[in-house]
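Asker: Below are the sequence and a predicted model for it; my questions follow.
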Amino acid sequence: MTLLAPQKRTTVLRTIFRVVLGAFLLMAGFSHLTVNREAFLAQVPTWLPLEGDFVVVASGIVEMVLGLSLLALGRYRVQVGVVVALFFIAIFPGNISQLVTHTDSFGLNTDLDRTVRLVFQPVLVLWALWSTGAWKAWREYRAARRSEQGGTVRRDA
(Lines give C-alpha, C1' and ligand atoms only; values in the text may rest on other atoms or scores of the structure.)
Protein backbone atom coordinates (compact mmCIF):
# COMPACT_ATOMS: atom_id res chain seq x y z
CA MET A 1 0.00 0.00 0.00
CA THR A 2 1.27 3.44 -0.89
CA LEU A 3 0.05 6.93 -0.19
CA LEU A 4 0.89 8.01 -3.74
CA ALA A 5 -1.61 5.71 -5.45
CA PRO A 6 -4.72 7.28 -6.94
CA GLN A 7 -7.62 6.96 -4.51
CA LYS A 8 -11.05 5.40 -4.89
CA ARG A 9 -14.25 7.43 -4.64
CA THR A 10 -15.09 9.25 -1.44
CA THR A 11 -18.31 10.24 0.32
CA VAL A 12 -20.59 12.97 -0.99
CA LEU A 13 -20.06 15.01 2.19
CA ARG A 14 -16.26 14.94 1.83
CA THR A 15 -16.57 15.82 -1.83
CA ILE A 16 -18.77 18.82 -1.02
CA PHE A 17 -16.29 20.05 1.60
CA ARG A 18 -13.38 19.52 -0.83
CA VAL A 19 -15.15 21.49 -3.55
CA VAL A 20 -16.04 24.31 -1.14
CA LEU A 21 -12.42 24.48 0.03
CA GLY A 22 -11.22 24.47 -3.58
CA ALA A 23 -13.59 27.32 -4.48
CA PHE A 24 -12.51 29.24 -1.37
CA LEU A 25 -8.83 28.90 -2.32
CA LEU A 26 -9.51 29.85 -5.91
CA MET A 27 -11.37 33.02 -4.86
CA ALA A 28 -8.78 33.91 -2.21
CA GLY A 29 -5.98 33.48 -4.72
CA PHE A 30 -7.76 35.66 -7.25
CA SER A 31 -8.30 38.34 -4.59
CA HIS A 32 -4.54 38.29 -3.86
CA LEU A 33 -3.98 39.53 -7.37
CA THR A 34 -6.86 42.01 -7.52
CA VAL A 35 -9.17 43.56 -4.91
CA ASN A 36 -7.39 42.52 -1.69
CA ARG A 37 -3.77 42.91 -2.75
CA GLU A 38 -3.06 45.70 -0.25
CA ALA A 39 -4.75 43.82 2.59
CA PHE A 40 -2.64 40.74 1.90
CA LEU A 41 0.47 42.90 1.63
CA ALA A 42 -0.18 44.18 5.15
CA GLN A 43 0.01 40.59 6.40
CA VAL A 44 3.42 39.75 4.96
CA PRO A 45 5.85 39.51 7.88
CA THR A 46 8.55 42.18 7.79
CA TRP A 47 11.20 39.60 8.72
CA LEU A 48 10.54 37.58 5.56
CA PRO A 49 13.55 38.03 3.25
CA LEU A 50 11.37 38.47 0.16
CA GLU A 51 9.65 41.49 -1.34
CA GLY A 52 6.13 41.72 0.06
CA ASP A 53 4.41 42.13 -3.29
CA PHE A 54 6.18 39.04 -4.62
CA VAL A 55 4.93 37.05 -1.63
CA VAL A 56 1.35 38.25 -2.18
CA VAL A 57 1.39 37.45 -5.89
CA ALA A 58 3.16 34.11 -5.49
CA SER A 59 0.90 32.96 -2.66
CA GLY A 60 -2.12 34.05 -4.68
CA ILE A 61 -1.00 31.98 -7.65
CA VAL A 62 -0.30 29.02 -5.38
CA GLU A 63 -3.77 29.34 -3.83
CA MET A 64 -5.37 29.40 -7.26
CA VAL A 65 -3.43 26.31 -8.38
CA LEU A 66 -4.32 24.49 -5.16
CA GLY A 67 -7.98 25.49 -5.50
CA LEU A 68 -8.10 24.26 -9.08
CA SER A 69 -6.34 21.06 -8.05
CA LEU A 70 -8.93 20.40 -5.34
CA LEU A 71 -11.67 20.93 -7.91
CA ALA A 72 -10.19 19.05 -10.87
CA LEU A 73 -7.83 16.38 -9.56
CA GLY A 74 -10.24 14.27 -7.52
CA ARG A 75 -8.33 11.12 -8.34
CA TYR A 76 -5.26 12.61 -6.66
CA ARG A 77 -7.16 14.37 -3.89
CA VAL A 78 -5.10 12.73 -1.10
CA GLN A 79 -1.84 14.13 -2.43
CA VAL A 80 -3.44 17.52 -3.12
CA GLY A 81 -4.93 17.51 0.38
CA VAL A 82 -1.51 17.02 1.94
CA VAL A 83 -0.07 19.88 -0.13
CA VAL A 84 -2.97 22.17 0.79
CA ALA A 85 -2.52 21.33 4.49
CA LEU A 86 1.22 22.08 4.22
CA PHE A 87 0.39 25.37 2.50
CA PHE A 88 -1.90 26.37 5.37
CA ILE A 89 0.91 25.54 7.79
CA ALA A 90 3.43 27.52 5.71
CA ILE A 91 1.34 30.71 5.78
CA PHE A 92 0.64 30.46 9.51
CA PRO A 93 3.66 32.65 10.44
CA GLY A 94 2.01 35.51 8.53
CA ASN A 95 -1.04 35.20 10.75
CA ILE A 96 1.15 35.12 13.86
CA SER A 97 3.02 38.19 12.60
CA GLN A 98 -0.28 40.03 12.10
CA LEU A 99 -1.14 39.37 15.77
CA VAL A 100 2.30 40.19 17.16
CA THR A 101 2.64 43.41 15.15
CA HIS A 102 -1.02 44.40 15.76
CA THR A 103 -1.54 44.86 12.01
CA ASP A 104 -5.10 45.69 10.99
CA SER A 105 -6.20 43.90 7.83
CA PHE A 106 -9.36 42.18 6.56
CA GLY A 107 -11.39 43.65 9.40
CA LEU A 108 -9.14 42.00 11.98
CA ASN A 109 -8.67 45.18 13.97
CA THR A 110 -8.28 43.79 17.49
CA ASP A 111 -5.94 41.27 19.02
CA LEU A 112 -8.96 39.13 19.90
CA ASP A 113 -10.01 39.01 16.23
CA ARG A 114 -6.47 38.14 15.17
CA THR A 115 -6.26 35.42 17.84
CA VAL A 116 -9.53 33.87 16.67
CA ARG A 117 -8.04 33.73 13.18
CA LEU A 118 -5.02 31.88 14.55
CA VAL A 119 -7.32 29.29 16.09
CA PHE A 120 -9.10 28.87 12.75
CA GLN A 121 -5.88 28.06 10.83
CA PRO A 122 -5.57 24.50 12.25
CA VAL A 123 -9.23 24.01 11.29
CA LEU A 124 -8.24 24.71 7.68
CA VAL A 125 -5.43 22.15 7.93
CA LEU A 126 -7.84 19.53 9.27
CA TRP A 127 -10.45 20.49 6.66
CA ALA A 128 -7.93 19.88 3.87
CA LEU A 129 -6.84 16.53 5.31
CA TRP A 130 -10.35 15.29 6.09
CA SER A 131 -12.17 16.45 2.94
CA THR A 132 -9.57 14.92 0.64
CA GLY A 133 -9.33 11.65 2.56
CA ALA A 134 -5.66 12.29 3.28
CA TRP A 135 -6.10 11.71 7.01
CA LYS A 136 -7.93 8.43 6.36
CA ALA A 137 -5.33 7.32 3.79
CA TRP A 138 -2.53 8.05 6.26
CA ARG A 139 -4.23 5.96 8.97
CA GLU A 140 -4.82 3.08 6.54
CA TYR A 141 -1.22 3.27 5.35
CA ARG A 142 0.11 3.14 8.91
CA ALA A 143 -2.20 0.23 9.81
CA ALA A 144 -1.07 -1.72 6.73
CA ARG A 145 2.60 -1.11 7.55
CA ARG A 146 2.10 -2.28 11.15
CA SER A 147 0.24 -5.31 9.91
CA GLU A 148 3.05 -6.16 7.45
CA GLN A 149 5.56 -5.86 10.28
CA GLY A 150 3.52 -8.14 12.52
CA GLY A 151 2.44 -5.37 14.89
CA THR A 152 -1.00 -4.80 16.29
CA VAL A 153 -3.39 -2.47 14.58
CA ARG A 154 -5.21 0.14 16.67
CA ARG A 155 -8.64 0.91 15.26
CA ASP A 156 -9.10 4.11 17.26
CA ALA A 157 -6.11 5.97 15.81
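Answerer: Perfect, I can see it now. Keep in mind that what you see is a predicted model, and the values were worked out from it rather than measured.

Asker: Give me the distance between the lowest-mean-pLDDT helix or strand in the chain and the centre of its chain.
Answerer: Within the chain, no helix or strand scores below helix 134-148, which has a mean of 82 by mean pLDDT, DSSP states H and E. Distance of helix 134-148 from its chain centroid, counting by Cα atoms, centre = their mean, to the nearest Å, is 22 Å.

Asker: In terms of secondary structure, what does it contact?
Answerer: helix 77-90, helix 111-131 (3 or more Cβ pairs under 8 Å, 6 or more residues apart in numbering; DSSP states H and E). (Each C-beta comes from the backbone N, C-alpha and C, glycine too.)

Asker: shaky segments in this structure?
Answerer: Scanning the chain for pLDDT under 70 picks out 1-8, 151-157.

Asker: The helices and strands packed on helix 134-148: which one's closest to Gly52?
Answerer: helix 77-90 (16.1 Å; Cβ to Cβ).

Asker: what angle separates that closest one from helix 111-131?
Answerer: Counting by axes from the mean of the first three to the mean of the last three Cα atoms, to 10 degrees, helix 77-90 lies at 160 degrees to helix 111-131.

Asker: change the start of the numbering to 548 and stick with it
Answerer: Sure, I'll start counting at 548 from here, so that last one is helix 624-637.

Asker: In helix 624-637, which residues are buried?
Answerer: Buried positions in helix 624-637, judged by neighbour count with 16 or more other Cβ atoms under 10 Å: Arg624, Val625, Gln626, Val627, Gly628, Val629, Val630, Val631, Ala632, Phe634, Phe635.

Asker: Leu615: which of those is nearest?
Answerer: Val627 (9.7 Å).

Asker: quick one: contacts of the helix or strand hosting Ser606?
Answerer: If you go by DSSP states H and E, Ser606 is part of helix 599-619. Residues outside helix 599-619 that contact it (Cβ atoms under 8 Å, 6 or more residues apart in numbering): 565-566, 568-580, 584, 587-588, 591, 595, 623-624, 627-628, 630-631, 634, 638, 679.

Asker: Would you list the buried entries among the residues you listed?
Answerer: Buried subset of the contacts of helix 599-619 (neighbour count, 16+ other Cβ under 10 Å): 565, 568-569, 572-573, 575-577, 579, 587, 591, 623-624, 627-628, 630-631, 634, 638, 679.

Asker: gap between Ser578 and Val559?
Answerer: To Val559, Ser578 is 29 Å away according to Cβ to Cβ, to the nearest Å.

Asker: next one: Gly614
Answerer: From Gly614 to Val559 the distance is 20 Å (Cβ to Cβ).
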